[in-house]
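> generate coordinates for the sequence data below:
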Amino acid sequence: MTSVLFTLKSFVYRILNMFGFGQKSITDSLNIFIKTNTGSTVSVNLDRMWDIREVKQMVAPQLGLEPKEFKIIFAGKELKDTITLAECNLGQRSTLHAVKIKKKIETTKVGVIEEEDSGSKPLNETLQDTSFYDLEEDKKHEDNSEGKVHFYVYCPTCKSLKNGKLRVICEICKSGAFTVYEDPQNWDDVLKPKQILGYCENEFCESKKMSENEEFTFAEFFFKCCEHTSLGENDRTVPLHLIKTNLKDIPCLSCADVCNPVLVFPCKDRHVICIDCFKQYCTVRLSERQFWQHPEHGYTLSCPIGCADSFIEELHHFRLLSETQYAQYQKFATEEFVLRSGGVLCPQPGCGMGILIDEGCKKISCLHGCGYVFCRDCLQGYHIGECQTNDETTDSASCLYSVDPTKASSARWDEASKIAIRVLTKPCPKCRTPTERDGGCMHMVCSRAGCEYHWCWVCQGPWTRECMGNHWFG
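Numbers count the residues shown, from 1 in each chain. Below is the predicted model:
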């Protein structure tokens, strides 16, 4: 009978809503998705100033439940009925999870006593940035609204540094209907897997099969951007954990100004640099090609003071550079990786293509670049026989890793006449006599007396029928 009455009540409620009766007025609208632990999702418009009790009353008929029969989960916590949506820092098209309550019921002589609501504030509202920055931070900052939840992220949608929100899902099924047993206390708890345990409310989660008591499931944390409309539960950004809110008012090591936010290097003294000076530091080091190819962390920088163990591990911090500068950073990083992997860079001016080669291979063709064919040992045009040395060439192998290949190439050919020789001529593969092609076909005959070697201008190897068929006339 109760079931029939409730179904009739829900039907009447929907009919009234169709004609605008019984609806609460909305002054500051939020379009929110309510997702159940069975997989269904409804879209509702809510007011930021409504509390969770009012939200339950609004969505209960659409879920086919009484307000007291389900709980709302968000950011790893069950929300108290007295918490407002504004306190949850929700953005447009955010997702709340509605889960049917499995209450423990105790029967007594006076009737039935239900377990009290154990809701709490969402995870990102219970954590101060101080817990991720310095656990002994002065308590005077705890009540300061500016000290709340200042995680910083690089948002690929906004393409800039933004404030971030901490979110949590089940490690196994990736459902957001997940509550944590304890709050993370440091960045390791968030960035490293299997640090915090929790309980997954998703009825289809594999953890239900893995554990009889359904309690041992690890949390997986991620971050979202605060400043654009949510793109769903897969909307994620990269946390820049070295960027902090400057609660301690520490001056920048470069300009000595007290700025906010700041970047704190992971050195022993945790030196602080403001964001503008950090960009300038990266720009200067990039222009001089003085980034360090770290064997574990990649192409990175250390603290400007030279502190040990101060390399930046999360390379997305360099996304603070402009798009052009970051593209150059990626180019240099790729070239350094090629060189340290035993490869070479094409020496042809304007190319610089990275080429990974087999051990023992001497003839190298820049197949995906300019097409230049050169000798691995001397980086000159490919030739037969031993490499010749002169006063103008240096042992490239001795400075391959310590000298910027681009700058070394430019310095080697500063004079315009030498550049012209490099661009307009190619050496005979046999005797290496500079030969200029002034038109005609690609079949070259060395003009040096006693050589008269027949070779291909394109391949810089012996002239063959394959050359004749493929590129006789270009």
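
> so residue 218 touches residue 193, yeah?
Yes. At 7.0 Å, residue 218 counts as touching residue 193 under the criterion of Cβ atoms under 8 Å. For the C-beta atoms, the positions are set from N, CA and C on the backbone; glycine is no exception.

> quick check: neighbours shared by the two?
Common contact partners of residue 218 and residue 193 (Cβ atoms under 8 Å, 6 or more residues apart in numbering): residue 171.

> these two - which one has more neighbours?
More crowded of residue 218 and residue 193, by other Cβ atoms under 10 Å: residue 218, with 17 against 10.

> which SS state does that one fall under?
Using DSSP: H, G, I helix; E, B strand; the rest coil, the secondary structure recorded for residue 218 is strand.

> bridged to it, which residues?
Legend: beta-bridge partners of residue 218 under DSSP bridges are residue 197.

> repeat for residue 425
With DSSP bridges as the rule, residue 425 is bridged to residue 436.

> pLDDT score assigned to the residue nearest the centre of the chain?
What sits nearest the mean C-alpha location of the chain, by Cα atoms, centre = their mean, is residue 238, with 4.2 Å. If you check residue 238, the pLDDT there is 90.

> got the phi/psi numbers for it?
Here is the backbone geometry of residue 238 (degrees, to the nearest 10): phi -100, psi 120.

> between the two ends of stretch 247-266, how far is it?
Taking Cα to Cα, to the nearest Å, stretch 247-266 runs 17 Å from one end to the other.

> from the chain's centroid, how far away is that stretch?
With Cα atoms, centre = their mean, to the nearest Å as the basis, stretch 247-266 stands 24 Å off its chain's centre.

> next structured bit after the strand or helix carrying residue 153?
In this structure, residue 153 is located in strand 151-155 according to DSSP states H and E. Moving toward the C-terminus from strand 151-155, the next helix or strand (DSSP H and E) is strand 160-170.

> that next one vs strand 151-155, what angle?
Per axes from the mean of the first three to the mean of the last three Cα atoms, to 10 degrees, the angle that strand 160-170 makes with strand 151-155 is 110 degrees.

> what helices or strands is strand 160-170 leaning on?
When contacts are defined as 3 or more Cβ pairs under 8 Å, 6 or more residues apart in numbering; DSSP states H and E, strand 160-170 packs onto helix 123-126, strand 151-155, strand 178-180, strand 197-200, strand 217-225.

> between those, which one is nearest to residue 296?
Relative to residue 296, the nearest member of these by Cβ to Cβ is strand 151-155, separated by 21.0 Å.

> pull out the buried positions in the closest one.
151, 152, 153, 154, 155 (16 or more other Cβ atoms under 10 Å).

> which residue packs closest to the second one, ignoring adjacent ones?
In this case it means residue 152. In space, not counting the residues next to it along the chain, residue 152 is nearest to residue 243; the distance is 4.1 Å by Cβ to Cβ, 6 or more residues apart in numbering.

> coming back round to it: for the buried residues of strand 151-155, give me JSON lines that also has distance to residue 455 and pLDDT.
Converted to JSON lines, these look like this (distance: Cβ to Cβ, whole Å; pLDDT from 0 to 100):
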{"residue": "151", "distance to residue 455": "62", "pLDDT": "87"}
{"residue": "152", "distance to residue 455": "59", "pLDDT": "92"}
{"residue": "153", "distance to residue 455": "57", "pLDDT": "92"}
{"residue": "154", "distance to residue 455": "52", "pLDDT": "91"}
{"residue": "155", "distance to residue 455": "55", "pLDDT": "90"}
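
> got TSV for these, with distance to residue 205 too?
Putting the buried residues of strand 151-155 into TSV (distance: Cβ to Cβ, whole Å) gives the following:
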residue	distance to residue 205
151	27
152	32
153	27
154	31
155	29
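
> quick one, what contacts the closest residue to residue 432 other than its chain neighbours?
In this structure, residue 432 finds its nearest non-sequential neighbour in residue 383, 5.0 Å apart by Cβ to Cβ, 6+ apart. The neighbourhood of residue 383, defined by Cβ under 8 Å, 6+ apart, consists of 375, 427, 428, 429, 430, 431, 432.

> let me know how buried residue 34 is, in neighbour terms.
Look at residue 34: counted by other Cβ under 10 Å, it has 22 neighbours.

> ugh, wrong one, I meant residue 435
Count around residue 435 with other Cβ under 10 Å applied: 21.

> and it, what is it in contact with?
425, 426, 427, 428, 444, 446, 447.

> perfect, I'm done here.
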